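Fold the stuff below for me.
(2 chains)
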Amino acid sequence: MKIRTRFAPSPTGFMHIGNLRTALYAYLFAKHNDGDFLLRIEDTDQERYVEGAVDLIYRTLAAAGIVPDESPANPGDCGPYIQSERKAIYAEYAHKLVELGGAYYCFCSKERLESLTDENGNRKYDKHCLHLPKEEIARRLAAGEPYVIRQNIPTEGISSYEDMVFGTISVDCKDLEDNILLKSDGMPTYNFANVVDDHLMRISHVIRGTEYLSSTPKYNLIYKSFGWEPPRYMHLPPIMKDAQRKLSKRYGDANFEDFIAKGYLPEAIVNYIALLGWSPGDNKEKFSLAELIERFSVEGLGRSGSIFDEEKMRWLNGQYIRELTKERFEELAKPFFDKSKIANKYDYKKFTALLQPRVETLGEIPAKVAFLAEYTPDFDLNLYTNKKNKTDATLAKTVIGISLRLLENCGDFDINVLHEQFSAEAEARNIKKGAFLWCFRIAITGQEVTPGGAFEMADILGKEECLSRLRSQLSRLA
RNA sequence: GCCCUCAUAGUCUAACGGUUAGGACGCUGGCCUCUCACGCCGGUAUUAGGGGUUCGAAUCCCCUUGGGGGUACCA
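Residues are numbered from 1 along each chain as shown, chains lettered A, B, ... in the order given. Purely as a prediction, here's the structure:
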């Protein structure tokens, strides 16, 4: 039998890292086994539907490199792939399930349901409508009375299954309730839709979050009533924001698009989340999507929740940035330069070579280059003092004088040539190279820390700017 | 409350009865070096607690504690 997995999000908002990871694992498992991966939209709760959410799901999967074999946009033979468009299918199967004895009509009012609440605030449906006479049911149905269809859970017995991650899960039927399968608006609940769809779409392995771990026996009872073979299950532990809170869609925690906007690379995000809850078994940390498909295994899945750690993802992202070709980095960095204070000033390309080993996310670029636009000649003179290189303002004055003369007399503004001239001059004057360059760099940047050395800074600034800055410094040191 | 479930450093994880408990992030010391960064070398820190079983337990069993999930006309 062909392996078929699915990602079945409900379009209710952001795609956070947890949702993406579920999709990723379902995709990896399918592809590792030469199977199909499908996308199904679970929009049976119209109240929670969020405009644009479906689009976001497509965009996110695409950015992550996850391509569904079947989806609403690219249907196979199991369509429609949007649950709200499958209403008639659910109704048909719900009524069939009633005939099979696995479900029954319920006409109970909200008030009656509420009256079932006990002193502890717990409520469990009492199967009242299960015992309604056939004729009464037919009459009320014919009269157009609103109804729901409930699952008829056996009053005794144990339902269990073998989860591929957690092992045997057993639940006593008496702890289960006759849940609503088909709502009064004719829409199915998740409890029913997931069963019908997974069966009809020939899903072989259901991969989803642990929130369904203990309700799966209940779903298997439905498969049983229909006489269907249930799929295999892999439940995934949650990704946490901290020790006690799950990542939340509602608050936009750790959402994919935000990370992209902050300058994370999709490959790095995918790599990071793949390792959040799955281990290859060895110490390898960097994986391309293709390698993940190759290596993915159920044995590597963990059973406890994992806290999302942006620090580590940032580090991984840095690794990816450093491996980018120069051209690719320039391309990716450009929008961030355009957003910075030096937008359209200086030569971006001269800067990208300096920045590539110095940023872990592209979003750090604007802050790293801002100083160029913020030069003020009256910066703190103490910057000229550097213990290790034994420099101070007095030495700086000498160095600036020499530098100015060299720069004024140079023909081409070639930093390699200048570098030699500066070195020779420093040596002749018995000034240590480190000291010389420290003073020079401070003079032209006004910054203690710069993303690059003195000559690299000079190269970016250009001859005229260097001259003007050096002159301003010479005059204040005079 | 009841049911399901989880538990190795601050974080992600390896070990599937026998290792000085391994790797990574973080933090930190050093090297490199014109500052910063990259890179390289080193260090720090872990089996939640208590009982068993066993020659031997992070690993198996029980209890406790703590965490997560479910208990909806949400998914």
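
Is A:I207 inside a helix or a strand, and which specific one?
strand A:205-209 (DSSP states H and E).

Next secondary structure element downstream of that strand?
That would be, after strand A:205-209 and using DSSP H and E, helix A:216-226.

Which stretches in the stretch 301-450 of chain A count as helices?
A:310-323, A:326-338, A:348-355, A:365-369, A:393-409, A:415-428, A:433-445 (DSSP state H, counting those that start in this stretch).

And the fourth one, what's buried?
The one in question is helix A:365-369. Using 16 or more other C-beta atoms under 10 Å as the test for burial, helix A:365-369 gives A:365-366, A:368-369. Heads up, the C-betas are built off the backbone N, CA and C, glycines and all.

Also compute the angle for the strand holding A:I207 relative to helix A:216-226, please.
In terms of direction (axes from the mean of the first three to the mean of the last three C-alpha atoms, to 10 degrees), strand A:205-209 departs from helix A:216-226 by 150 degrees.

interface residues of the stretch 101-250 of chain A facing RNA strand B?
Residues of the stretch 101-250 of chain A lying close to RNA strand B (C-beta under 7 Å from any atom of the strand) are A:110, A:113, A:120, A:122-124, A:146, A:148, A:166-172, A:175, A:177, A:179-180, A:183-185, A:187, A:189-191, A:210-215, A:237-238, A:240, A:243-246.

circling back to that earlier point, would you mind pulling the contact partners of the strand holding A:I207?
With contact meaning C-beta atoms under 8 Å, 6 or more residues apart in numbering, strand A:205-209 is reached by A:3-6, A:8, A:18, A:22, A:25-26, A:29-30, A:164, A:194, A:198, A:231-236, A:238.

if we can go back for a sec, closest to RNA strand B out of the buried residues of helix A:365-369?
A:K368 (8.9 Å; C-beta to the nearest atom of the strand).

Redo the buried residues of helix A:365-369 as JSON lines? Include pLDDT.
Below are these laid out as JSON lines (pLDDT from 0 to 100):
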{"residue": "A:I365", "pLDDT": "97"}
{"residue": "A:P366", "pLDDT": "96"}
{"residue": "A:K368", "pLDDT": "94"}
{"residue": "A:V369", "pLDDT": "94"}
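
can I get the residues you listed in TSV with distance to A:R358?
Output for those, formatted as TSV (distance: C-beta to C-beta, whole Å):
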residue	distance to A:R358
A:I365	9
A:P366	13
A:K368	7
A:V369	11
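
show me which of the residues you listed neighbour RNA strand B.
Answer for those near RNA strand B: none qualify (C-beta under 7 Å from any atom of the strand).

number of nearby residues for A:I66?
20 (other C-beta atoms under 10 Å).

can I get the CA coordinates of the strand holding A:I207 in CSV?
What follows is strand A:205-209, C-alpha atoms only, in CSV (Å, rounded to 0.1, in the frame of the first residue of the first chain):
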residue,chain,number,x,y,z
HIS,A,205,-0.4,7.5,8.4
VAL,A,206,-2.0,10.2,10.4
ILE,A,207,0.7,12.5,11.7
ARG,A,208,-0.6,15.2,14.1
GLY,A,209,-0.2,16.8,17.5
